[in-house]
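Student: What follows is a protein structure lacking sequence information:
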């Protein structure tokens, strides 16, 4: 303890500040808790990006999970973040605040880290975390390229820790419902076309100074920040079969070469059922997150696939066997709105799933799950393909 | 009269067979009615395709319009069609049936013709009709290429007759409402991206024998039949500015080279505000007709833009200034569903608008309207560009 006292603070949660934040954050002493599968998985957050506030709340909502430590580049920043998420120094429930990332990794009580750092820092800190036997929940895009991601995944593999990237929508029950539907061949038929967007209309300040347009921080720009979702959606729909080709179109970059908007077309060859797809990502358009999957027998539409309009339920539109009525003056049926309730927000479900896997490794001696690292790697592979196409002046790229 | 008696029949309408078909079909004698702007515009239908039933109904619904004559390649076919639309030989209201197309054009009482013929016959019959001073309502795609369309348009121009292609959705009040919205710069901002589909899942018989997949009849296949709508939608959204480039992707053809499915990407350069667009058309996917217009401040979605789900009203989804709530756990507002009532079906509104223009020419001596021929020509020009890209193995084509 003594060595740490000058650089870390114990801090406690203010009641009723963030909805439900406190309910699952139990008192954590500064020593290793006894090994028991009833113990919560203790998270350290490394880096105090805005998105980390959402994850802090998710950790408070997910059962069996505790936010245990917050590390920032200075103790002031950590304190400021703690205050933002409703933590103060006067209560009985404790979160440790550290003025460096390393101290979080040195803390033996931290089971897992969540890393919302700029993408250019992912490899360094995710590898370090894995080497310190911390399980790694890594914000998307996972890495700047697949070579960097492979270093991270290898570090996780060789240290026996779980890896997952922070793609939340994959954990929403609507996503699972849609997947069941599109996988039911008799209902849906063959998937012929997929369309996905992720756009947001940013202000001039963002274009000037946000880390997502800085070549040394998030050099992939809209491709990493927004494209990660759309590419992930295509792969998700295609059961993670890689497309055969990809071709970028209509690319806009800033003066440093960071991608601000682009469109890209994908094709899966006949061995993958000849599917085509288009994605569009932009920092210049009104917020959109469309996902349309067009099968031979049915179509699914949703326009909020990444972040649902509301937390407690989400829906999609399903059109099956659409035909025209006689004289083609209308359709035989209006598409059905399929609504799916969500008891926990998708980010809490993500944290819960990650922690379930971590618990298996920590308490039950099972191997880390391979599915999530594979999903991240395939997403990154396709993202790299789009980047190659962009860098080549929008040539068709074979994957 | 005598010369016609052996090859044409008078035929009358059965009451109550097609909804409202009879209400506007007044008795037509076999002689030129006196010139009066109160007279209905008298249509001849040339060719008895299925779609002509829809137009026959539209003519019955549109005020100031009469279905006066039906011409087919044989009198039997004309009679069969007449029976399908609820016409019999025992009532007091009369439609003339002809066993040839030429006889319709020879009939001096016919003001205008509607031509639902296979595309390869458009030039021949539309030019003939114009030369006979018949106003021309031509089913889409207008022609196989812009050179053929120019022959038609020149014939209409030199004969002083009105031309319009049969794109119905442009006449729907929803379309006008959407146009007003996307044209309001303060609300919508700049149009950055447009996405449109037209797909239908056809059966094996269609792929074998439908005229839309026959190289000698509708040689453009899905490009003409479906792509016409999507290309038209892009141009409509862009105030008929032509895109700078077009590139086809993912083309499937049958063994004779007729296009069965394709995707295409479009770009408008900086002088046209840098818009990008993607369309997808296919005979292999569940019926879809999506139109999404993505602006810097707002987004419009509709999934039934070509034929609304229902006749009496249609809607679109409007999202303006979409933001995330704090913590990005939802949106500041769910998109608004904007519903637009439609007192007459869009095809009746089209017939009404066409007839209004014809009436101007016939009774008021005004020049034929230029807007509709221009819309057709620009649509055809872009369609030609997609075709060139397809024929070149999906190269980028400058327009």
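Tutor: All right, it came through fine. From a predicted model like this one, the values you see are computed outputs, not experimental measurements. Numbering: from 1, shown residues only, chains lettered A, B, ... in the order given.

Student: make it CA atoms for all contacts and neighbour counts henceforth
Tutor: Fine.

Student: can you count the residues close to residue A:51?
Tutor: Using other CA atoms under 10 Å in any protein chain shown, residue A:51 has 14 other residues around it.

Student: wait, what's in contact with it?
Tutor: By CA atoms under 8 Å, 6 or more residues apart in numbering or on different chains, the contact set of residue A:51 is A:116, B:327-328.

Student: got a pLDDT number for it?
Tutor: We have a pLDDT of 93 for residue A:51.

Student: in chain A, which helix has the most residues?
Tutor: What stands out as the longest helix in chain A, according to DSSP state H, is helix A:371-391.

Student: quick one: contacts of the helix or strand just after that one?
Tutor: Where DSSP states H and E defines the elements, the next helix or strand beyond helix A:371-391 is strand A:396-398. The contact list for strand A:396-398 (CA under 8 Å, 6+ apart) reads A:244-248, A:385-386, A:388-389.

Student: filter those to the buried ones?
Tutor: Buried subset of those (neighbour count, 16 or more other CA atoms under 10 Å in any protein chain shown): A:244-248, A:385-386, A:388-389.

Student: What is the nearest of those residues to residue B:314?
Tutor: Of all these, residue B:314 sits closest to residue A:248, with 34.9 Å by CA to CA.

Student: what's that closest one in contact with, if anything?
Tutor: A:262-265, A:386, A:389-390, A:394-396.

Student: returning to what we had before: run the chain-centre distance for the longest helix of chain A.
Tutor: Relative to its chain's centre, helix A:371-391 lies at 14 Å (CA atoms, centre = their mean, to the nearest Å).

Student: With stretch A:369-380 instead?
Tutor: Centroid separation for stretch A:369-380 versus its chain: 12 Å, with CA atoms, centre = their mean.

Student: So which bits of it are buried?
Tutor: For stretch A:369-380, burial by neighbour count (16+ other CA under 10 Å) applies to A:369, A:373, A:375-380.

Student: What of stretch A:341-352?
Tutor: By 16+ other CA under 10 Å, the buried positions in stretch A:341-352 come out as A:342, A:344-352.

Student: got the buried ones among the contacts of strand A:396-398 as a markdown table, with distance to residue A:157 and pLDDT columns?
Tutor: A markdown table is the format used below for these (distance: CA to CA, whole Å; pLDDT from 0 to 100):
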| residue | distance to residue A:157 | pLDDT |
| --- | --- | --- |
| A:244 | 28 | 97 |
| A:245 | 30 | 97 |
| A:246 | 30 | 98 |
| A:247 | 32 | 97 |
| A:248 | 33 | 97 |
| A:385 | 25 | 98 |
| A:386 | 27 | 98 |
| A:388 | 28 | 98 |
| A:389 | 31 | 98 |
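
Student: residues in the stretch 101-250 of chain A within reach of chain B, list them.
Tutor: Residues of the stretch 101-250 of chain A found near chain B (CA under 8 Å from any CA of the partner chain) are A:192, A:201, A:250.

Student: which SSE is the last one in?
Tutor: If you go by DSSP H and E, residue A:250 is part of strand A:245-253.

Student: ok, that strand: who's next to it in the sheet?
Tutor: Paired neighbours of strand A:245-253 in the sheet (DSSP bridges): strand A:259-267 (antiparallel), strand A:396-398 (antiparallel).

Student: Nearest to residue B:365, out of those strands?
Tutor: Smallest distance to residue B:365 across these (CA to CA): 49.7 Å, for strand A:259-267.

Student: Nearest the middle, which residue of chain A would you pick?
Tutor: For chain A, residue A:167 is the residue whose C-alpha lies nearest the centre (CA atoms, centre = their mean; 1.9 Å).

Student: separation between the nearest residue to that one once chain neighbours are set aside and residue A:284?
Tutor: Closest residue in space to residue A:167, ignoring its immediate chain neighbours: residue A:140 at 6.5 Å, by CA to CA, 6 or more residues apart in numbering or on different chains. The gap separating residue A:140 from residue A:284 is 20 Å, by CA to CA, to the nearest Å.
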